[in-house]
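Q: Sequence first, then the predicted structure:
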Amino acid sequence: MRQEVIISDITVVGGGLAGVSAAVAAARLGRSVSLIQNRPVLGGNSSSEVRVWVCGATAHGTNRYARETGIMGELFLENQYCNIDGNPYIWDMVLLETVRAEPNIRLFLNTDVHEVEADGDTDNRVIRSVTGWMMGSEQRIRFESGMFLDCSGDGLVGFLAGAKHRIGREAREEYNEDWAPPVADDITLGSTMFFYTKDAGHQVKFIPPSFAKDITKTTIPMTRVIRSGDNGCAYWWIEWGGEMDTVLDNERIRDELWAVIYGLWDYIKNSGNFNADNMTLEWVGSIPGKREYRRFIGDYMLNQNDIVAQREFEDGVAFGGWSIDLHPPQGMYSTESGSKHLHADGVYHIPFRSLYSVNVNNLIMAGRNISASHVAFGTTRVMATCAVIGEAAGTGAALCAEKGVVPRELYQTHLRELQQTLLHQGASIIGLRNDDVTDLARSAKLKASSTLTQLVVEKPIETYPLASDTGLLLPVDPELNGIALFVDAAENTTLELELWDTGRGENYVPHTKQLATLTPVTKGTGQHVIVNLHWKPTTPQNAFLVVKANERLALHLSDESQFGVLSFAKGPRPVVSPDLGDHQPSQPVVQWNMRPFNRKPICFRLLSPTQAYAAEKVIDGYHRPFAGPHLWSSDSLRKDSPEWLELNWPAPVSIRTVHITFNDDVNEDLINLHHHRTTFEVIPELVKDYLVQVDVDGEWITVAEGKNNRKRRVVHSLDQLVSSDRLRVVVEATNGCPRAEIFEIRVYE
């Protein structure tokens, strides 16, 4: 038997999206990383072995401008381009390519860590090494590092190291969580397996195996929706084991899930209730996708009240937005709905203190095992959120390794550097600005070839009856002085409009009514109805206009979307399925639905100019929407005269590195496997072809360029240091947007 010792700055155990993001983040900051995964592929529950959708803060389009950036954002965009149809095996390759692109990562697949060497007393533990067995290669490998990340999901490394943890549900009174049970117990969310089907084009018979369960003798046909054409995550409710030990009883849980899957398919194929003669099984999972097991205790335990109140933390390092999504302990055999959902009014914040162990000094956690109550875990557990937590954890581990400190010390003495490093690398901390003193762009003056100042959407393609209240969100910077709506009126009537603020910069729902108007409308079609209203908030922010229902009126929709502008229909709706969940339909974020208006906004014209898209926005510290779009947008994009954005300094500066963040429309809901398919492989708002130029002796010299770009963030390191007092980015083409749009430019010596 071969034995080997691997020494690195950081060891990451677990190759799911949390572990991948942590490893990549640390490696990009110059740390050597050992990434250990006990399966042959990366991705954990999202991989081709399990095939769970990668869900996150968008909550399937419920939250606005909420899609993840950073490493998870890169993965979404790359998968969108390489794998628009959601092939699970191509998703595996996207993850593998991302890891292999980092020279500082050594990847160990098929390596199961089962030993941990740690010392110290109960409240002051230190991990010295972990040891794993590489299956198929018959190697025993010992990994030694100064920092260890447990991204294993089940939390085996921390458990073996003596880290304090919990399994099960806390009592309601502990954190005053009304969704917690009255008495603490050891119940968790269960595990799930999926299956895929396809139409074979000819009749196919199915003979069930002997262990297939007769589901007609269960409550499943009465309480769950079954359709012959569904597969994969459409059957997320095939869940069991919440009243068992999801690790100790994993084999028994798998057997039960198999029995139900094959019994369910027997029911679909052979009951005569479905049109499934030509359908056949294409794939059946063999690994239960675990939802919950150990949750480690950190210096802070995130709880339900933090989520619902969108509590801001001084040490916020990540964000989420999925609902608190809890399932009944009996899983698929429960007579209750398969899930219940509680949303905040927008995205919520996750503190760094929830990512490191309270008693193991050099242990950081990422993924579903972070320091959160069972109720709060109901939202933090989804994989895109686990990934952004992983990026924060990996960044924290890299800084700890660089500075020779433990995570608690990093929080106490280097918090600002941790947060600013995350922003520098492209991650998002909602509401936090770039204040990097080494960023030369922050001291520049900005000008542009043109700027969007007249906010107009006026190319109608269809009418939209005003059968229910309809919302229009748009930026107000610095003030709003009237709006014209494109309206059809079946008879003389009145258009009633309300203007609300959104309360918080990260929210996109009406919060406080500021004013209301009544405007007479005469019978006729294609009218520009001018609504006289004036609002000048103390700081630029979004306005939420509510056009009240009126059966005599119809609005017009356009196929030309405008970033920073959203349209909504009001009405209770479920989030995942009309049959399977209690989704709190009275919540504003659920009531106001974007889906009818995806890339089809309401036609309107603002009667006063806006500064929301000014050139200066690229250095205002934000690189995603927050109380406004926070990007520069040109007025248009002309083939004969490219648009450009220019930075000017009062004296020459030394330029070596240029960071550019383009608009990848974080409002667009992307997913890795199935669920829905967009019409485009590359986000249309992304800049496609561009030049980076500097002024040398009065002449613009191209020092970097991009062709066929499909990335949100690009970093250009110049071949040599350049001294100049002017730099510009010239946009030659986009991937479909009629304007050039840039979120942020950073410049470094």
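A: Great, that's in hand.
Q: check contacts around Asn598.
A: Gly61 (Cβ atoms under 8 Å, 6 or more residues apart in numbering). For the C-beta atoms, the positions are set from N, CA and C on the backbone; glycine is no exception.
Q: again, only this time at 10 Å
A: By Cβ atoms under 10 Å, 6 or more residues apart in numbering, the contact set of Asn598 is Gly61, Ser561, Ser567, Asn667, Glu668, Asp669, His676, Thr678.
Q: Please report the distance of it from Gln203.
A: 38 Å (Cβ to Cβ, to the nearest Å).
Q: For Gly158, pull up the helix or strand it's in.
A: Using DSSP states H and E, Gly158 maps to helix 156-161.
Q: Please name every helix or strand in contact with that helix.
A: strand 10-13, strand 111-119, strand 126-134, strand 147-150, strand 363-365 (3 or more Cβ pairs under 10 Å, 6 or more residues apart in numbering; DSSP states H and E).
Q: Save those strands as a markdown table, and put in mean pLDDT, mean neighbour count and distance to Ala398 too.
A: Converted to a markdown table, the helices and strands packed on helix 156-161 look like this (pLDDT from 0 to 100; neighbours: other Cβ atoms under 10 Å; distance: least, Cβ to Cβ, whole Å):
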| stretch | mean pLDDT | mean neighbour count | distance to Ala398 |
| --- | --- | --- | --- |
| strand 10-13 | 98 | 31 | 7 |
| strand 111-119 | 97 | 17 | 21 |
| strand 126-134 | 98 | 20 | 17 |
| strand 147-150 | 98 | 32 | 8 |
| strand 363-365 | 98 | 32 | 10 |
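Q: closest to Lys707 out of those?
A: Each of these has some distance to Lys707 by Cβ to Cβ; the shortest is strand 10-13, at 34.2 Å.
Q: How far does that closest one sit from its chain's centre?
A: Put simply, strand 10-13 sits 24 Å off its chain's centre (Cα atoms, centre = their mean, to the nearest Å).
Q: Quick check: neighbours of it in the sheet, parallel or antiparallel?
A: strand 33-36 (parallel), strand 147-150 (parallel) (DSSP bridges).
Q: how about the last one as PDB, C-alpha atoms only?
A: Translated: strand 147-150. Once non-C-alpha atoms are left out, strand 147-150 reads as follows in PDB (Å, rounded to 0.1, in the frame of the first residue of the first chain):
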ATOM      1  CA  MET A 147      -6.000  25.800   7.700                       C
ATOM      2  CA  PHE A 148      -8.800  23.200   7.100                       C
ATOM      3  CA  LEU A 149     -12.200  23.700   5.400                       C
ATOM      4  CA  ASP A 150     -15.000  21.300   6.100                       C
END
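Q: Would you map the helices across this protein?
A: For the chain, applying DSSP state H gives helices covering 17-28, 70-82, 88-100, 156-161, 172-175, 220-223, 250-270, 304-308, 374-380, 383-403, 407-413, 415-424, 588-591.
Q: about what we covered before: top of the contacts of Asn598 by number of neighbours, please.
A: Ser567 (28 neighbours; other Cβ atoms under 10 Å).
Q: how about the nearest residue to that one, chain neighbours excluded?
A: Phe597 (3.8 Å; Cβ to Cβ, 6 or more residues apart in numbering).
Q: ok, now how distant is the residue nearest to Met134 when sequence neighbours are not counted from Glu4?
A: Of all residues not flanking Met134 in the chain, Thr111 sits nearest, at 4.6 Å (Cβ to Cβ, 6+ apart). Thr111 is 11 Å from Glu4, where distance means Cβ to Cβ.
Q: which neighbours do these two share?
A: Contacts common to Thr111 and Glu4, judged by Cβ under 10 Å, 6+ apart, are Met134, Gln139, Arg140, Ile141, Phe143.
Q: Now which of these would you call buried?
A: Met134, Gln139, Ile141, Phe143 (16 or more other Cβ atoms under 10 Å).
Q: Which ones among these lie within strands?
A: Met134, Gln139, Ile141, Phe143 (DSSP state E).
Q: Please state the offset of stretch 161-180 from the chain centre?
A: 26 Å.
Q: hmm, I was thinking of stretch 286-294
A: 21 Å.
Q: from here on, count from 814
A: Got it, first residue is 814 now, which makes that one stretch 1099-1107.
Q: what is the mean pLDDT for that stretch?
A: Stretch 1099-1107 carries an average pLDDT of 97.
Q: Just the terminal-to-terminal distance for that stretch.
A: 22 Å (Cα to Cα, to the nearest Å).
Q: For it, buried residues please.
A: Neighbour-count burial for stretch 1099-1107 [16+ other Cβ under 10 Å]: Ile1100, Pro1101, Gly1102, Lys1103, Arg1104, Glu1105, Tyr1106, Arg1107.
Q: now do stretch 1549-1562
A: Cys1550, Arg1552, Ala1553, Glu1554, Ile1555, Phe1556, Glu1557, Ile1558, Arg1559, Val1560, Tyr1561.
Q: Might one say that the second one is in contact with Tyr1426?
A: In this case it means Arg1552. Yes - under the criterion of Cβ atoms under 10 Å, Arg1552 makes contact with Tyr1426 at 8.6 Å.
Q: what sits in contact with each of these two?
A: Thr1264, Leu1265, Gln1375, Phe1376, Trp1445, Ser1446, Ser1447, Asp1448.
Q: quick one on the thing from earlier: quick one: closest of the helices and strands packed on helix 969-974 to His1369.
A: When the helices and strands packed on helix 969-974 are compared (using Cβ to Cβ), the closest one is strand 1176-1178, at 50.9 Å.
Q: now that closest one, how far from the centre of its chain.
A: The answer for strand 1176-1178 is 22 Å, by Cα atoms, centre = their mean.
Q: quick one on the thing from earlier: verify the contact between the residue nearest to Met947 and Arg852 for me.
A: Yes - shown here, Thr924 and Arg852 form a contact pair, counting by Cβ under 10 Å, at 9.5 Å.
Q: Need the residues touching each of these two.
A: Common neighbours of Thr924 and Arg852 (Cβ under 10 Å, 6+ apart) are Gly828, Met948.
Q: Just the pLDDT for the closest residue to Pro1350 other than its chain neighbours.
A: Distance criterion Cβ to Cβ, 6+ apart; nearest residue to Pro1350, sequence neighbours excluded, is Val1289 at 6.1 Å. Model confidence at Val1289, given as pLDDT, is 98.
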